[in-house]
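[1] Pasting a predicted model and its sequence here:
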Amino acid sequence: MYAISFILYLLALLCYYFQYDTLKLVAFVGGSMIIWISRMIVNYKKVGIIELNESRIVVHANEHRVVHDIPGLTTIEIFVLEVEGERNGRMSFANGSGNYLELGVDRTIIKYQFFLAEEHVVLLRNLLDSWRQHKVSFTAKSASRFRIH
């Protein structure tokens, strides 16, 4: 049981995709619950990629592509609750998948859950700094020890 749980945990951690020119965060949906070393871990499945850049947000999911131009959005909210590999003492309880991006589009709120690895935190912070310089209106909140604002 522990070997299968460990393999599933490693697969969940390895389910991200990154390209150098643009920050890409992997969107996840919840899966089945498993127990590994006396704690609960959610087994997530990769369903797409969220691409953030200075002018637009592109969501690639299930062979569909949705483009959100930043000037056309009424709200942009980023909630970073955990970063993959974040440690509490010597133990890592965060798998990096409990983060949300909420977009306001024509009186509708669209919510995406995404994975965030530790090596992508600086890239996300740099992108948010660029948005601030370009006067993009957004809200960024972090409950993680990694500050994004």
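    Arrived safely, thanks for sending.
[2] helices and strands of this structure: which one bottoms out on pLDDT?
    strand 33-36 (a mean of 37; mean pLDDT, DSSP states H and E).
[3] Buried residues of stretch 134-147, list them for me.
    Val136, Phe138, Ala140, Ser142, Ser144, Phe146 (16 or more other CB atoms under 10 Å). Yep, even glycine has a C-beta here, placed from its N, CA and C like the rest.
[4] among those, which two are most distant?
    Val136 and Ser144 (21.8 Å; CB to CB).
[5] Poorly predicted segments of the protein, please.
    1-45, 85-95, 149 (pLDDT under 70).
[6] What segments of it are strands?
    Under the criterion DSSP state E, the chain contains strands at 23-29, 33-36, 39-42, 45-52, 56-61, 64-69, 75-80, 87-88, 91-92, 99-105, 108-115, 139-142.
[7] for stretch 50-70, which positions count as buried?
    Going by 16+ other CB under 10 Å, stretch 50-70 has these buried residues: Ile50, Glu51, Leu52, Ile57, Val58, Val59, His60, His68, Ile70.
[8] Hmm, I typed the wrong one, I wanted stretch 108-125.
    Quick answer for stretch 108-125 (16+ other CB under 10 Å): Tyr112, Gln113, Phe114, Phe115, Leu116, Ala117, His120, Val121, Leu123, Leu124, Arg125.
[9] Going by distance to His64, which of those residues wins?
    Distances from His64 to the buried residues of stretch 108-125, taken by CB to CB, are shortest for Tyr112, at 13.2 Å.
[10] Identify the bridge partners of that closest one.
    Leu101 (DSSP bridges).
[11] mind listing what it touches?
    Applying CB atoms under 8 Å, 6 or more residues apart in numbering to Tyr112 gives the contacts Ala27, Ile50, Val59, Tyr100, Leu101, Glu102, Leu103.
[12] Among the residues you listed, name the buried ones.
    The buried subset of these - by 16+ other CB under 10 Å - is Ala27, Ile50, Val59, Leu101, Leu103.
[13] Distance to Glu84 for these - can I get that in a markdown table?
    Converted to a markdown table, these look like this (distance: CB to CB, whole Å):
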| residue | distance to Glu84 |
| --- | --- |
| Ala27 | 15 |
| Ile50 | 15 |
| Val59 | 20 |
| Leu101 | 16 |
| Leu103 | 23 |
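[14] Alright, I will stop here.
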